[in-house]
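Peer 1: My questions are about this predicted structure, shown below with the sequence.
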Amino acid sequence: SYNVKYPIIFVHGWTGSLKSLKEMQESLDKDGSAQDKGAIYSTTQCNVGSWPKSVSVNFEYYDDSGDKGIENYADKLAKAIQTLKSCSSSSEVTIVAHSMGGLIARTYMQKYGDASVRKLIMLETPNYGAPLAYFAAEFSPSKLIYSTREEYDAGQMQPGSDFLSNLNSNAKECVYRKDK
């Protein structure tokens, strides 16, 4: 029997994939914490209550739609979280996010509220920018119009970008919430 109280959703970072956090997901399954349910997408469907609460899923926001931008990925995360809550009959989820995944999670919480998020755990999230993001722009035909999804996303993560300025100016104070 698995023992986490809330389902876990992993969100990878910039240019990452489902493989990025898979080892962590598998470790939680192996040690009896959360059953590995594999990947979840914004289009995933399941029967209501068909999963236990003690599950983990690996969220993929890159798809064939060509969507780009952290705001679009946050919208996809909203759909995936709603599906996860429905499948597990849970009112909240725990988000474990790496790098840009943390910015996606923060954007989700800013846009949709934090009522569905029990905990947000961010690993190496560039909350105030990633200086290496300038590197991606160097290869862009224009520093204002990024030609690929990766370049656009990197532009949003540049220190002082409009995206980060907006995200941080509207940030709530982080509060430690002790489990009951």
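Peer 2: That came through, no problem.

Peer 1: neighbours around Ala171, how many?
Peer 2: 12 (other C-beta atoms under 10 Å). All C-beta spots, glycine's among them, are computed from the backbone N, C-alpha and C.

Peer 1: please renumber so the chain begins at 44
Peer 2: Okay, using 44 as the starting number, the last item reads as Ala214.

Peer 1: Tell me the secondary structure of it, please.
Peer 2: coil (DSSP: H, G, I helix; E, B strand; the rest coil).

Peer 1: what's near enough to touch it?
Peer 2: Residues near Ala214 by C-beta atoms under 8 Å, 6 or more residues apart in numbering: 149, 153.

Peer 1: how close does it get to Leu175?
Peer 2: 22 Å (C-beta to C-beta, to the nearest Å).

Peer 1: Over to Gly81?
Peer 2: Distance from Gly81 to Leu175, by C-beta to C-beta: 31 Å.

Peer 1: and if you look at Ile51?
Peer 2: 28 Å.

Peer 1: Of the two, which one has the most company?
Peer 2: Ile51 (25 against 12).

Peer 1: What's the per-residue pLDDT of that one here?
Peer 2: Predicted confidence (pLDDT) for Ile51: 98.

Peer 1: Same question for Ala214.
Peer 2: Taking Ala214 on its own, its pLDDT is 82.

Peer 1: Contacts only, for His134.
Peer 2: Let me fix one detail, which is that residue 134 is Ser and not His. 128, 159.

Peer 1: per-residue confidence for it?
Peer 2: Ser134 is given a pLDDT of 97.

Peer 1: where does it fall, helix, sheet strand or coil?
Peer 2: Quick answer, by three-state DSSP: Ser134 is coil.

Peer 1: Right, I'll call it a day here.
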